[in-house]
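Asks: I need the structure of the sequence given here:
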Amino acid sequence: MARATLVQLTYNGDGDDAVSRMPVFFQEATDQGSDIIVFPEYVLGSHIDADHPRVRCFLQMAADHRMYAVAGFIENHGTRWATTALLVDRQGRILDRYLKIHPAAGDPPYHWPPIPGAASAAEADGVLGSQFKALPLDFGVIGIIQCYDGLFPESWACTSYAGAEVIFWINGREGAIEAHYCLTAAECQCCIVAATITNGKNTGFAGPWGLGVRALSRETATPFVYGQLHPAITAPGDAAVHAELDLDEIRRRRKHHRMFHQRRPELYHPIVDDVTVWKNYPHIPWIDPEAERQVNSARLVRG
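Replies: Prediction:
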C-alpha cells in the first residue's frame, strides 16, 4: 500500500504566493501518512533556475516531512526554457525532472501553429522533453506527464509501458480535469491516474475499473460513481485530496492485463509515422499560410 496527496492550488503567476501556501498541505499530507504530495504545473514560478530560493524552499519542505514531492515550473535552460516537473525525494534532493513533451501552443480557430508573437507560442519555442519516464520510488514506480501531454494517448501508453504503476498528470490551467482521459488511461494501461490542476477543479484519482484507490479524506471525497474520478475535489480553489493506493492489486492486474499480452505491434506503425491527415482535405484552404509551413512539427520552424 502507498498513500498519495494531490493539491489543487490556485496560481496567479506569483510563485512566492503559491509556495507560501504549500506548508499547510505538506502538514495535511503528513497527517494522512502520505508517501508523496503532488502540486500542479507552473506553481514554483516562471523562468527560474533549480537553485532559486522558491525551489530550495520546496525541497526543504519535502525534507522536513520526509515525503516525495512533485511540482512544476518554467525552468531556465541557458537562453531558453522548459516546462519542468521536479521530483524531489524524501531527503529534499532533486531525484529527477520531467520536461513537457507536447507544447500547449496554438490559437483558435485552427490551434496550430500559434499566431506569431502570441503568448501561446512560448512552449513551442522552449526546450521540449524527449523521454517518457518510469521513476522507481521506495513504494512503487511512478510516471509524470504535464497538461497537454495527457491529450495524447501515446503519453499514457509509453509511460505505462516503461513501467509506471501510478501516473501523475499535473495541469496548469482553468476549467476541470477531464475525467474521461484519466479513466481511459487507467483502464487501458492498468494503472492509477492521479490528476491535479491549478485554477480549476476535479483534481482526483482514477483506478482501473474503479479498483486500487481508497479515499482517505471524507470532506473532499465524492461518493464512488463509475465514470467519475474518486476521490476528487468538486469545486475550484485551494484544497487537497488523499488516497490509499493498492499497488499490490495493480501489479497483479498488470501482470495479466490482456491489453498488454494481446498487442499487435506489427500493425501499429502509423502511430510512429508522421500523421498527414491534413492531406485528405486539399479542397479546404489553409486559414493562414504559416499553417502549411508548420505541419508535423511540435517545435516552431523559424526562418
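Asks: those helices in the stretch 201-303 of the chain, which residues are they?
Replies: In the stretch 201-303 of the chain, the helices defined using DSSP state H, counting those that start in this stretch lie at 247-256, 258-261, 269-272, 289-293.
Asks: Neighbouring strands - and their directions - for the helix or strand where D96 lies?
Replies: Assigned by DSSP states H and E, D96 falls within strand 94-99. The pairing partners recorded for strand 94-99 under DSSP bridges are strand 80-88 (antiparallel).
Asks: Need the residues that contact the strand it pairs with.
Replies: Contact with strand 80-88 is made by 41-42, 44, 47, 50, 55, 58-59, 62, 68-75, 94-100, 103, 122-123, 125-129, 135, 142, 144, 146, 170, as judged by CB atoms under 8 Å, 6 or more residues apart in numbering. The way it works is simple: take the backbone N, C-alpha and C, and place the C-beta from them, glycine included.
Asks: quick one, what contacts the closest residue to Y42 other than its chain neighbours?
Replies: Spatial nearest neighbour of Y42, excluding adjacent residues (CB to CB, 6 or more residues apart in numbering): G172 at 4.0 Å. G172 is in contact with Y11, P40, E41, Y42, V43, G72, Q146, C147, I197, T198, counting by CB under 8 Å, 6+ apart.
Asks: Dihedrals phi and psi, G172?
Replies: Torsion angles at G172 (phi, psi; degrees, to the nearest 10) stand at phi -130, psi 80.
Asks: show me where pLDDT drops low in the stretch 151-300 of the chain?
Replies: 218-224 (pLDDT under 70).
Asks: And the strands in it?
Replies: Here the stretch 151-300 of the chain has its strands, by DSSP state E, counting those that start in this stretch, at 166-170, 174-176, 192-196, 199-201, 204-206, 213-215, 239-245.
Asks: could those strands be laid out in a markdown table, adding mean neighbour count and distance to Q32?
Replies: Below are the strands of the stretch 151-300 of the chain laid out as a markdown table (neighbours: other CB atoms under 10 Å; distance: least, CB to CB, whole Å):
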| stretch | mean neighbour count | distance to Q32 |
| --- | --- | --- |
| strand 166-170 | 28 | 16 |
| strand 174-176 | 14 | 24 |
| strand 192-196 | 29 | 14 |
| strand 199-201 | 19 | 20 |
| strand 204-206 | 29 | 14 |
| strand 213-215 | 21 | 11 |
| strand 239-245 | 24 | 4 |
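Asks: would you list the ones you listed in CSV and tack on distance to G227?
Replies: Output for those, formatted as CSV (distance: least, CB to CB, whole Å):
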stretch, distance to G227
strand 166-170, 18
strand 174-176, 14
strand 192-196, 14
strand 199-201, 17
strand 204-206, 10
strand 213-215, 14
strand 239-245, 18
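Asks: what helix or strand is Q27 on?
Replies: Element membership for Q27, per DSSP H and E: helix 23-31.
Asks: Tell me what angle that helix forms with strand 239-245.
Replies: With axes from the mean of the first three to the mean of the last three CA atoms, to 10 degrees defining the directions, helix 23-31 sits at 20 degrees from strand 239-245.
Asks: just to revisit the earlier point, among the contacts of strand 80-88, the buried ones, what's the PyMOL command?
Replies: The PyMOL command for the buried members of those (criterion: 16 or more other CB atoms under 10 Å) is given here:
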select buried, resi 41+42+44+55+58+59+62+68+69+70+71+72+73+74+75+95+97+98+99+100+103+122+123+126+127+128+129+135+142+144+146+170
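Asks: So which of the contacts of strand 80-88 sit within strands?
Replies: The strands, defined by DSSP state E, take in 68-75, 94-99, 135, 142, 144, 146, 170 from those.
Asks: I'd like the distance between the residue nearest to Y42 and F39.
Replies: Remark: distance between G172 and F39 (CB to CB, to the nearest Å) = 10 Å.
Asks: what's the answer for H269, then?
Replies: 38 Å.
Asks: quick one, which of those two is more surrounded?
Replies: Neighbour count, other CB atoms under 10 Å: between H269 and F39, F39 has more, with 30 against 8.
Asks: tell me the secondary structure for R3?
Replies: Here R3 is recorded as strand under DSSP: H, G, I helix; E, B strand; the rest coil.
Asks: picking that back up, from the helices of the stretch 201-303 of the chain, which stretch is densest packed?
Replies: Per-stretch averages of neighbours, counted by mean count of other CB atoms under 10 Å, single out helix 247-256 among the helices of the stretch 201-303 of the chain, with a mean of 15.
Asks: how far does that one sit from the chain's center?
Replies: From the chain centre to the centre of helix 247-256 is a distance of 22 Å (CA atoms, centre = their mean, to the nearest Å).
Asks: go on, stretch 29-37?
Replies: Stretch 29-37 sits 19 Å away from the centroid of its parent chain (CA atoms, centre = their mean).
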